[in-house]
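A.B. asks: One predicted model, sequence on top.
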Amino acid sequence: MVPSDPIILLSYMNTQLRDKYSSFDDFCYDNEIDADKVLQTLEEIGYYYNGQLNQFKHRQKEGCV
């Protein structure tokens, strides 16, 4: 079971991806998690999955560095 709080979920997901899984899909498969639900929850707080980095990253607002 993954955390329901979006900020805690973000931390949990990035830790799992860093320490145990080579991809978000692998994590979802192994844990029988609805990937779309996780993506939607994190998108609501401005985060997206970056497959090259294998982590959730914050979307930068236009004009921000």
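C.D. replies: Thanks, I have the structure now.
A.B. asks: Can you read off the pLDDT for the residue most central in space within the chain?
C.D. replies: Centroid-nearest residue in the chain, with Cα atoms, centre = their mean: residue 56, separated by 4.4 Å. pLDDT recorded at residue 56 is 98.
A.B. asks: Give me the below-cutoff pLDDT ranges for the protein.
C.D. replies: Residue ranges of the chain with pLDDT under 70: 61-65.
A.B. asks: show me where it has helices.
C.D. replies: Listed from the start of the chain, the chain has helices (DSSP state H) covering 6-19, 24-31, 35-44.
A.B. asks: Reformat the ones you listed into TSV and put distance to residue 52 next to each item.
C.D. replies: To be clear about C-beta, it is placed using only N, CA and C from the backbone, and glycine gets the same treatment. Output for the helices of the chain, formatted as TSV (distance: least, Cβ to Cβ, whole Å):
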stretch	distance to residue 52
helix 6-19	12
helix 24-31	12
helix 35-44	16
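A.B. asks: Just tell me which of those helices ends up closest to residue 51.
C.D. replies: Smallest distance to residue 51 across those (Cβ to Cβ): 7.2 Å, for helix 24-31.
A.B. asks: Output the contacting helices and strands for the closest one.
C.D. replies: helix 6-19, helix 35-44 (3 or more Cβ pairs under 8 Å, 6 or more residues apart in numbering; DSSP states H and E).
A.B. asks: Out of the ones you listed, the one nearest residue 25 is which?
C.D. replies: The nearest among these, by Cβ to Cβ, is helix 35-44 at 7.0 Å.
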